[in-house]
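Colleague: Provided below are the primary sequence and the corresponding predicted coordinates.
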Amino acid sequence: METFSFTRSDLRKLRALKTPAGVQKFLDDLPYNLSYTARSPRKVLHDSTASCLEGGIFGAAALRVLGFPALIFDLEAEQDTDHVVAIFKVRGHWGAVAKSNFTGCRYREPVYRSLRELAMSYFNIYFNLRGERTLRRYSRPANLARFDHLNWMTTEKPVWFIAEYLCEIPHISLLTSAMKKNLTRVDRRTLLGEMVGHRKK
């Protein structure tokens, strides 16, 4: 059985997650990492903290151990930070696993028929601290197996090369120019609801 260079102990922990929902629960239980770091999945496992980027990459690694491809995709924003999620397919429908400092930008059940549908499921609750709706584009899936030669799953070094790759690949627009001009800000109730458990520096 493939070990992906994880130790037996690490593999046991990852296999114990069993399902995408189990991977999400593991990520939900980790404190959100506010530092500017890019830990490998093994480092996330050992340090017990993850940012959005680290959570997405960890999710892809954990899903791979469970038998899924190691896929992530990038949600690109304006006047805001991008969001990286691990994606998986069950019976032809897409779902996602993610770490976020915002309540609604996390797990998605595998019920979405296309990646655009999946990306749009994040739109209404993707906003900055001014309440502006900021999600604009999404990338095609990136299979992190392309970085196996760099030991992305277990290296002690930062894995910024994954973030750099996501910045380089094409992204697909979600909105027309007219749509962008007419966007409303989220109301206070939505803002407060999405920030339950939000961690500040």
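Modeller: Yep, that arrived.
Colleague: which one is Arg199 nearest to, not counting chain neighbours?
Modeller: By the measure of Cβ to Cβ, 6 or more residues apart in numbering, the closest residue to Arg199 outside its immediate chain neighbours is Tyr32, 4.5 Å from it. Heads up, the C-betas are built off the backbone N, CA and C, glycines and all.
Colleague: whoops, I mixed them up, Gly56
Modeller: For Gly56, the spatially nearest residue (Cβ to Cβ, 6+ apart) is Val84, at 3.5 Å.
Colleague: what helix or strand does the one you found sit in?
Modeller: strand 83-90 (DSSP states H and E).
Colleague: show me the contacts for Pro41.
Modeller: Neighbouring residues of Pro41 by Cβ atoms under 8 Å, 6 or more residues apart in numbering: Ile57, Phe58, Ala60, Ala61, Ala62, Trp152, Met153, Thr154.
Colleague: so the residue nearest to Gly56 versus Thr37, what's the distance?
Modeller: 14 Å (Cβ to Cβ, to the nearest Å).
Colleague: stretch 54-73: end-to-end distance?
Modeller: 13 Å (Cα to Cα, to the nearest Å).
Colleague: Val84 and Thr37: who's more crowded?
Modeller: Val84 (26 against 17; other Cβ atoms under 10 Å).
Colleague: ok, that one to Leu191 distance?
Modeller: Taking Cβ to Cβ, one finds Val84 at 23 Å from Leu191.
Colleague: any figure for the gap between the closest residue to Ile169 other than its chain neighbours and Glu78?
Modeller: Counting by Cβ to Cβ, 6+ apart, Ile169 lies nearest to Ser139, which is 5.4 Å off, once chain neighbours are set aside. As for Ser139, its distance to Glu78 is 15 Å (criterion: Cβ to Cβ).
Colleague: what about the chain, any weak spots by pLDDT?
Modeller: 1, 197-198, 201 (pLDDT under 70).
Colleague: and Leu183, which helix or strand is it part of?
Modeller: Going by DSSP H and E, Leu183 is not in any helix or strand.
Colleague: next one: Glu76
Modeller: Glu76 belongs to strand 71-77, assigned by DSSP H and E.
Colleague: Asn101 now?
Modeller: Counting by DSSP H and E, Asn101 is part of no helix or strand.
Colleague: what angle do the biggest helix by length in the chain and strand 83-90 make?
Modeller: Ranked by number of residues, the top helix in the chain under DSSP state H is helix 52-65. Helix 52-65 and strand 83-90 meet at an angle of 20 degrees, taking axes from the mean of the first three to the mean of the last three Cα atoms, to 10 degrees as the criterion.
Colleague: summarise which helices and strands helix 52-65 is packed against.
Modeller: Contacts defined by 3 or more Cβ pairs under 8 Å, 6 or more residues apart in numbering; DSSP states H and E place helix 52-65 against helix 8-15, helix 20-29, helix 41-47, strand 71-77, strand 83-90, strand 93-97, helix 160-168.
Colleague: now the third one: how far from the chain's centre is it?
Modeller: The gap between where helix 41-47 is centred and where its chain is centred comes out at 16 Å by Cα atoms, centre = their mean, to the nearest Å.
Colleague: before we move on, the earlier item: quick one: which of the contacts of Pro41 has the most company?
Modeller: Going by other Cβ under 10 Å, Ala60 tops these with 31 neighbours.
Colleague: with that, I have no additional questions.
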